[in-house]
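**Student:** Kindly return the folded structure for what I paste below:
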Amino acid sequence: MKQPEVLIIGSGVMGRGIAKSFVSAGIPTAILSRNVANVSAGVDERVALVEKLPPNAPELIIEAVPEMMALKLKSYAAIEAAYAGKPVLASNTSTLDLEELARPLQHPERFLGIHYFMPADVNAVVEVAPVKATLPAAADAAVRLIEATGKSVLRLKRAVPGLLINRLQHAILHEAYYLMDEGVVTAEEIDRCAREILAPRICITGLIEQKDISGLDTHALSQQALVPVLHHGDKPGRMLQDLYAAGHLGIKSGKGFYDWSGKDPAKVKAEAARKLGDLLAYLKEHR
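**Tutor:** Residues are numbered from 1 along each chain as shown. The predicted structure follows:
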């Protein structure tokens, strides 16, 4: 096996997608998994599968294990014991506090957040967020490798829980679930609004530029009227939590907000990824 420049810790869907994005750019990449025999399916054949840390330090290690802090910290301890802070170490966490993850590290100056979006090999944007101790050179090294894969890096000035895109997404979903819980709209109507109104407009002007174009006087007055009546509750949406408690997990279980019975999850995901890829290519061409 050629010495990997990038090592992915975790062989789930995210880990496989991240690895594919690097190896497709000609960057030697490996996935570390406890049992490679169980993960070979769905992994790009150019990605090396290993069950232990390589003898020499990769340039970049991205941890993509389940969202459990103890599991992540255990991985970091093994990495630091093996490599003594030589590689840049990053977490793909979307929810955990990066500063908390960095606190026990011996080399927090080499640690940061690198957050991909599913499917990781298709989505064009990657969030990069430093913790307080991160050295600029470590962040620069990570950004250089990510950009070598053709991804666009969204570089945050500091880490906050959820980073940027998930915070924006959950803010919208929090209001959407509230309106569904209150019987104002259905899931189908929310999705129609997103597909036919929000998404096309945001694709062209983004969120903030669009308000400059439409006029900040109108926007400021609308905010004065609407912000006080938005749902600012600190509890998750009841409908979503009830579905989760009942084991209705979406396409993976056959039922969620929609009925997925009789649908092939792999085909549905592949088709969604194909359409997303086509749309991103179109938008890139028409910037």
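**Student:** For the stretch 51-200 of the chain, which segments are assigned as helices?
**Tutor:** 69-83, 98-102, 136-147, 165-181, 187-193, 199-205 (DSSP state H, counting those that start in this stretch).
**Student:** Packed most tightly, which of those would that be?
**Tutor:** Most buried of these, by mean neighbour count (mean count of other Cβ atoms under 10 Å): helix 98-102, with a mean of 20. Placement of C-beta: from N, CA and C, glycine included.
**Student:** Identify the residues contacting it?
**Tutor:** Contacts with helix 98-102, where a contact means Cβ atoms under 8 Å, 6 or more residues apart in numbering, come from 69, 72-73, 76, 91, 93, 108, 111-113, 129, 131-133, 159, 161.
**Student:** ok, now with 7 Å
**Tutor:** Met69, Lys72, Leu73, Ser91, Pro108, Phe111, Gly113, Ala129, Val131, Lys132, Ala133, Ala159 (Cβ atoms under 7 Å, 6 or more residues apart in numbering).
**Student:** Tell me how far it lies from the chain's centre.
**Tutor:** 17 Å (Cα atoms, centre = their mean, to the nearest Å).
**Student:** swap in stretch 129-145?
**Tutor:** The answer for stretch 129-145 is 18 Å, by Cα atoms, centre = their mean.
**Student:** Start and end of that stretch, how far apart?
**Tutor:** 15 Å (Cα to Cα, to the nearest Å).
**Student:** Who are the contact partners of Ser11?
**Tutor:** Per Cβ under 7 Å, 6+ apart, neighbours of Ser11: Ile31, Ser33, Val39.
**Student:** What sits closest to Leu173 if chain neighbours are left out?
**Tutor:** Gly237 (7.7 Å; Cβ to Cβ, 6 or more residues apart in numbering).
**Student:** farthest residue from the center of the protein?
**Tutor:** Most distant from the centre of the chain: Asp217, at 34.7 Å, with distances by Cα atoms, centre = their mean.
**Student:** doesn't that residue fall inside a helix?
**Tutor:** Yes: assignment of Asp217 by DSSP: H, G, I helix; E, B strand; the rest coil places it within a helix.
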